[in-house]
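Enquirer: whatever this is, show me its structure:
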Amino acid sequence: MEDIKIISKPLSGSGKIVLIGFPGSGLVGSIALQYIVDQLGFEHIGNVTSKYFPPLAIMAKGVINVPVRFYEREHFLAIVADIPIHPAICYEVANGIIEWLSGFSIREVVTIAGIITNEPEKRVFGVATTEDSLKPIEDKTIILPMGSISGIAGSILTECKVRDISAVGLLGETVNTPDPRAAASTVAVLNSMYDLNVSIDELIEQATEIEAAMAKMAEQVQQTEQLPKKEQLPMYG
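Expert: Numbers count the residues shown, from 1 in each chain. Reported below is the predicted structural model:
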């Protein structure tokens, strides 16, 4: 724990549901969770720092934000990150966070991430640490029959497994670009799991804007590729 510093108010009671979102494929986890925090007005209660994190400060409207933050509202704790975690330090970060949470008798952990497929749909896949944890999401997600989960999401699920903490992983189907539409799909699943009643309209609007910008960029690239090569241009002078 000496390498992972958690500076936070204590949780206001036991039995919390912990939602965790780190940047990964499509930035699904961080987009979805920051959106929920903003929409429901979670209170910022703490931060995580570490010598393992990149040496940078995140700012919004001129105000510094710590890259990994704790937010609380009613019986929920949200852990939101703006920085990816290098594979070499995933164990240390996951262990440090779950070790701190273990002192508060939490109810369960839900980690949100992206999964890249070759399909255009925005399905949500589900995994859990036990068969009992799997049952509540069987009718809300597509249960992954086999495979592996890499990165910090996988490390958090493993840490929960070995500590006998109930945990669920929600994996939004995505491409490897910022994907608010995939994030919206995971928010919809969380709505059905916990009656959050978070509207996903703004995320869908963001997705439409990003898709339009990407289509325009692709068109510009195509037009550039169709320009005559330098050796084909006429000579002047």
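
Enquirer: so what pLDDT did the residue most central in space within the chain get?
Expert: In the chain, the C-alpha nearest the mean C-alpha coordinate belongs to G29, at 1.2 Å (C-alpha atoms, centre = their mean). The predicted local confidence for G29 comes out at a pLDDT of 94.

Enquirer: ok, it touching L19?
Expert: No: with contacts counted by C-beta atoms under 8 Å, G29 stays clear of L19, the gap being 9.2 Å. All C-beta spots, glycine's among them, are computed from the backbone N, C-alpha and C.

Enquirer: give the next helix or strand downstream of the host helix or strand of V110.
Expert: In this structure, V110 is located in strand 108-116 according to DSSP states H and E. Past strand 108-116, further along toward the C-terminus, the next helix or strand under DSSP H and E is strand 124-128.

Enquirer: out of the helices and strands in the chain, which is least certain?
Expert: Taking mean pLDDT, DSSP states H and E as the measure, the chain has helix 201-225 as its least confident helix or strand, at a mean of 75.

Enquirer: all helices for the protein, in order.
Expert: Counting by DSSP state H, residue ranges of the helices within the chain are 28-40, 90-101, 131-134, 151-162, 180-194, 201-225.

Enquirer: list the contacts of stretch 204-218.
Expert: The list of residues contacting stretch 204-218 from outside it, by C-beta atoms under 8 Å, 6 or more residues apart in numbering, reads T177, P178, D179, P180, R181, A184.

Enquirer: dump the helices of the chain to TSV, plus distance to V68.
Expert: Conversion of these to TSV gives the following (distance: least, C-beta to C-beta, whole Å):
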stretch	distance to V68
helix 28-40	10
helix 90-101	8
helix 131-134	25
helix 151-162	10
helix 180-194	18
helix 201-225	22
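
Enquirer: S12: which of the ones you listed is closest?
Expert: Distances from S12 to each of those were compared by C-beta to C-beta, and the smallest falls on helix 90-101, at 13.9 Å.

Enquirer: show the secondary-structure elements that the closest one is packed against.
Expert: Using 3 or more C-beta pairs under 8 Å, 6 or more residues apart in numbering; DSSP states H and E, the elements in contact with helix 90-101 are strand 4-8, strand 43-50, helix 151-162.

Enquirer: tabulate these (a markdown table), appending distance to I116, mean neighbour count and mean pLDDT.
Expert: A markdown table is the format used below for the helices and strands packed on helix 90-101 (distance: least, C-beta to C-beta, whole Å; neighbours: other C-beta atoms under 10 Å; pLDDT from 0 to 100):
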| stretch | distance to I116 | mean neighbour count | mean pLDDT |
| --- | --- | --- | --- |
| strand 4-8 | 28 | 16 | 94 |
| strand 43-50 | 27 | 16 | 95 |
| helix 151-162 | 12 | 22 | 96 |
